[in-house]
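[1] All I have is the shape, not the residue letters:
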């Protein structure tokens, strides 16, 4: 059976692109090294027609298909299970920028195009593709869309979903749907595009997308501000939104401990402000000029100081200083593992509930697990926190995780649910949160999702065991 | 059968809210007076629980359900058919603003809330709900979402879809799904929200929504500009987007004939600029001040003049002048019927293709139907044209429509298809464009839509005969 399938796959994509031997860990081991699978084969089609043929073959042979882009996902959604029966479909070879339409402000790229390459292709025309996240040097547009990636500019430009106008998809029947429209308005039937976006490969395989572009801002400025409390951060966000409008492109929050980890493990990084309970990173994009941006920023921070919202602030004087401020923020997830394994949560909440959520949940966690340390940082402007827990000092992190992860998750997710939040803000469900989702999502929603899955993938071969 | 259903419906919503007699034309006749149906009853539930009970009753009795908000749709999607067997479900009584969360910039409103009431509720808190369209005094949020309404601020804020974070829906099983999340990021499973948005009541009934709010801009300014060609309008759009960024909240285009209809039928309206081949209305929203807005606008128009893109311009000096400029634009659809019946198209195209599309399609139409007059106006910034055709002078409009509408539609829609456009940009499909959709949409897309319809509404009772 599998021999026949392998041989047919070789005919479709060429023998060199059906990999069954050697070290396939780049495809079979996930980014966080929590999931190691075994594929029947790693198949690397060159174009949508080949993808369609591969899907048809797998359907005929009843083989499950796991699509993969850069394999940078954090929830175990893009590696095969251990059965050795699933076909790993790598989109890597399909990495072309097919077209850029400057007057329409759109770009059509293939699923395997690296996010950074897409950003650069837009920049080469003086335009901005604003999706930006830590893995941008490795992750692909297809994966970004399949997981509805978020990142650092969601506040202004939205998630991957909001940046996509059209899709090309191979569905579970192996039929190619050309939905690559470059239209801002199109009300002709059900929104298939948004159904595939965020479905993590369980309904079909995204092979290309038409994306929105924006004019490059004339200037970008960054500032750091120190705050005594989290309610002050929410008030500062409101003030910044009112005064800067769409100019406010980033609003990140970091608690004292998260920046102290950076201080400890990356002492070479200069921290412009002394330690504070909370630090906010603000980014402003300006259509006029550097000077105009700086003046607006200084006015805002002065008002915030007068209102008692912030205790200290530093505005970047150059692009290098801006980069250094972002680098601090981006170093938090890198400093964490240096301190030892930790329990991660990618949650979102209504912004208005965040201070109370954090106060109560911190207290509940520290009461249940004395000495634990909360790493709390994230995209406050989007209501998205990376709310992680580090083992007590001197306690083995791996052991702590093994013993307490379920109980910690219950405390956090119960609180998230109580405040109307989400247990997966931007990372998706994958394999990691599948059971949690079944437990947390409303039965009516789950029933509708399952009906859609059955309708579009009746054989259940598209990324089996993920999401639902 | 129907007696039993009517009696059960009376038990659920009260006898006074099951209307079967008297003049029901407000519910049975559509806005454009093209569709007149006959309902088994007009049922007006007071809350989502009653909606759920009504849906369950209709499912038990096999009765079709037509949901209706303000009944302002333009494609015959919200009136019953003529069979006298369909239940018209009016959401009018469910019109509460349930909550406004200022720090989260969200508002939760019921489906029957009039759009203008939602705008006003936001404004009362100093916030902006930016959805805005001609019918805003009568249309409802539920209808806006069911049809993914567009309007005049899509360029900056997106369609109804982009303004919605969460939904409450009664599905075809009569189960209430509480998806009223107020989250900017939530990647927990399939995007049911966007599936219901734009599905025109054919998958379930939207009963409430959580919507995005924005800070009110500090100032809004409007300008008119005269242009010799449509390519110049596209170039002006690019320049305005680059210079004003998200500050550009409106970019409307009007051809000479469309404004001449306003001149002829509403001579009391002052036209600030002399007649020109093309006129563009620009709107800018500014977070700083009136003076800053005006200065930016004047700089832009000066550069456009220097670049030879525009031949004349007028910047509004007051809110009244701004309103008067918008009033001109909004008077075009009102001036058209004064000139006689016309053939309407609500199309979208990649912005870059619009000049060529218009030149070629105008020529094809005038060749096939000599003497016809093209009314061409719309939201150029969104690639959305209201591309209508008026009968030749002296020819009876109704007769022209009767004879030539199919052939005119074929010319227009063939060209739209050739340029990768959409035959329904913002009005939806309803009954009017259902056959056209079947003919124009890709078979793969239609097949997936039908599979979803069967999965979520197996009895086919939700707004039967619409969309698919």
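    Cool, got the structure. Since we're looking at a predicted model, the values are computed, not measured.
[2] Give me the distance between the residue nearest the centre of chain A and chain B.
    For chain A, the residue nearest the mean C-alpha position is residue A:149 (3.6 Å; C-alpha atoms, centre = their mean). According to C-beta to the nearest C-beta, to the nearest Å, residue A:149 and chain B sit 9 Å apart. Bear in mind the C-beta positions are built from the backbone N, C-alpha and C, glycine included.
[3] so residue A:226 touches residue A:305, yeah?
    No. In this structure, residue A:226 is not within contact of residue A:305 by C-beta atoms under 8 Å, at 10.4 Å.
[4] Quick check: neighbours shared by those two?
    Counting by C-beta atoms under 8 Å, 6 or more residues apart in numbering or on different chains, the contacts common to residue A:226 and residue A:305 are A:311, A:313.
[5] what about those two, which has more around it?
    residue A:226 (19 against 14; other C-beta atoms under 10 Å in any protein chain shown).
[6] Spell out which residues of the stretch 301-450 of chain A are next to chain B.
    The stretch 301-450 of chain A has residues A:348-353, A:379, A:382-384, A:420-429, A:433, A:437, A:440-442, A:444-449 near chain B, with proximity defined as C-beta under 8 Å from any C-beta of the partner chain.
[7] residues contacting the residue lying closest to residue A:101 once chain neighbours are set aside?
    Spatial nearest neighbour of residue A:101, chain neighbours left out: residue B:352 (5.1 Å); criterion: C-beta to C-beta, 6 or more residues apart in numbering or on different chains. Taking C-beta under 8 Å, 6+ apart, we find residue B:352 in contact with A:101-104, B:234.
[8] isn't there a helix covering residue B:352?
    Yes. Judged by DSSP: H, G, I helix; E, B strand; the rest coil, residue B:352 forms part of a helix.
[9] Can you check the pLDDT for it?
    Listed pLDDT for residue B:352 reads 97.
[10] same deal with the one 5 residues further on?
    For residue B:357, the pLDDT comes out at 98.
[11] does it belong to a helix or a strand, and which?
    Using DSSP states H and E, residue B:357 sits within helix B:354-368.
[12] got a list of contacts for that helix?
    B:229-231, B:233-234, B:349, B:372, B:374, B:376, B:380, B:383, B:385, B:387, B:389, B:407-408, B:411-412, B:415-416, B:419, B:421.
[13] same check, this time on stretch A:115-128
    Contacts of stretch A:115-128 (C-beta under 8 Å, 6+ apart): A:95, A:97, A:100, A:102, A:105, A:107, A:109, A:129, A:131-133, A:135-137, A:139-141, A:144, A:211, A:213-217.
[14] which one of the contacts of residue B:352 sits closest to residue A:47?
    residue A:101 (21.2 Å; C-beta to C-beta).
[15] if I pick the closest one, what's in contact with it?
    A:107, A:182, B:350, B:352.
[16] what about residue A:385, neighbour count?
    Neighbour count for residue A:385, taken as other C-beta under 10 Å: 25.
[17] That one falls within a helix, correct?
    No. Under three-state DSSP, residue A:385 falls outside any helix and is assigned strand.
[18] Residue A:19 is in contact with residue A:28, isn't it?
    No. If you go by C-beta under 8 Å, residue A:19 and residue A:28 don't touch, sitting 10.6 Å apart.
[19] Which one's more surrounded, these two?
    residue A:28 (20 against 16).
[20] any idea how far residue A:66 is from that one?
    For residue A:28, the distance to residue A:66 (C-beta to C-beta, to the nearest Å) stands at 10 Å.
[21] Which neighbours do these two have in common?
    A:37, A:39, A:79-80, A:88.
[22] Dump those into CSV; add secondary structure as well.
    Putting these into CSV (three-state DSSP) gives the following:
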residue, secondary structure
A:37, coil
A:39, coil
A:79, coil
A:80, coil
A:88, strand
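[23] Name the member of these with the most neighbours.
    Counting by other C-beta under 10 Å, residue A:80 has the largest number of neighbours within the shared contacts of residue A:28 and residue A:66, with 29 neighbours.
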